[in-house]
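Undergrad: predicted model follows, preceded by the sequence.
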Amino acid sequence: MPLHPRTEIRRAIVTRLRNVTNQPLRITDSRVSPHRTDQLPLVSVRTTDETVTEADDFESARILTRALTVEVEIVRRSNTDDSSYEAALAETLESDCRYVELAMAEDERLGGRVEHIVLASTSVRFEANAETPVGIALLTFTATYEAPAQETIAPEFALGTVQWDLAPKSNPIQVDAEDSLDVEENP
């Protein structure tokens, strides 16, 4: 079964970040494994929301324009437990954000998978109540791409024959005409 474009886009971003990094970052597209401090630093790529619009003109009515929200989350732990951890961690996270932004800008079409991908927002927060203080940067991108509308799950259904006999059996009606519907198969 072919992959959904969202999956292809998410995997392409993970591959892109892995190929251009010179930093010791673990990069994943998993949403289910929690971030453990012994696995940090970590970059997690996930797709969250997608809006879809259909073309207005008749000829391209089967093409959908999709705007996909992609989140790149960077989680780092502090190297110190004292009160100065926040400034140093903020500086490191900003450097990580710059690395992600530059990596994405170098191939804003993700090898032709999208029309473009742009940074929509960045947020940084700190969690001091963890076993070790951590900093979390969240970069949100919007990837715009076009894709055909999904095909039916059972194309053989469209090729079936339906016959209707609405007349009572005691008084059959003779039909002198027949209607048929030609269904084109997509290659």
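TA: Everything's here; your move.
Undergrad: now the strands: where do they sit in this protein?
TA: Secondary structure of the chain (DSSP state E): strands located at 26-28, 42-54, 63-77, 116-127, 134-148.
Undergrad: which elements pack onto the last one?
TA: Counting contacts by 3 or more C-beta pairs under 8 Å, 6 or more residues apart in numbering; DSSP states H and E, strand 134-148 is packed against helix 5-20, strand 63-77, helix 85-106, strand 116-127. C-beta here means a position set from N, CA and C on the backbone, and glycine is covered the same way.
Undergrad: so what are the sheet partners of that strand and their directions?
TA: strand 63-77 (antiparallel), strand 116-127 (antiparallel) (DSSP bridges).
Undergrad: and the angle from the last one to helix 85-106?
TA: Note on geometry: by axes from the mean of the first three to the mean of the last three C-alpha atoms, to 10 degrees, strand 116-127 and helix 85-106 are set 170 degrees apart in direction.
Undergrad: please renumber the chain so that the first residue is 217 from this point on.
TA: Right, with 217 as the first residue, what we last looked at is strand 332-343.
Undergrad: pLDDT wise, what is Ser299 at?
TA: Looking at Ser299, its pLDDT is 66.
Undergrad: actually Thr269, not the one I wrote
TA: 87.
Undergrad: so, low pLDDT: which residues of this structure?
TA: Within the chain, the segments meeting pLDDT under 70 span 217, 237-240, 247-253, 271-277, 296-299, 346, 366-403.
Undergrad: repeat the analysis, applying 90 as the threshold.
TA: Confidence mapping of the chain against pLDDT under 90 gives the ranges 217-221, 234-258, 269-280, 293-305, 342-350, 362-403.
Undergrad: for Glu270, which of the helices and strands packed on strand 350-364 is the nearest?
TA: Set against Glu270 and scored by C-beta to C-beta, those come closest in strand 279-293, at 5.7 Å.
Undergrad: hmm, back to that, dump the strands paired with strand 350-364 into a markdown table; add mean neighbour count and distance to Glu317 as well.
TA: Shown next, in a markdown table, are the strands paired with strand 350-364 (neighbours: other C-beta atoms under 10 Å; distance: least, C-beta to C-beta, whole Å):
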| stretch | mean neighbour count | distance to Glu317 |
| --- | --- | --- |
| strand 279-293 | 19 | 9 |
| strand 332-343 | 14 | 6 |
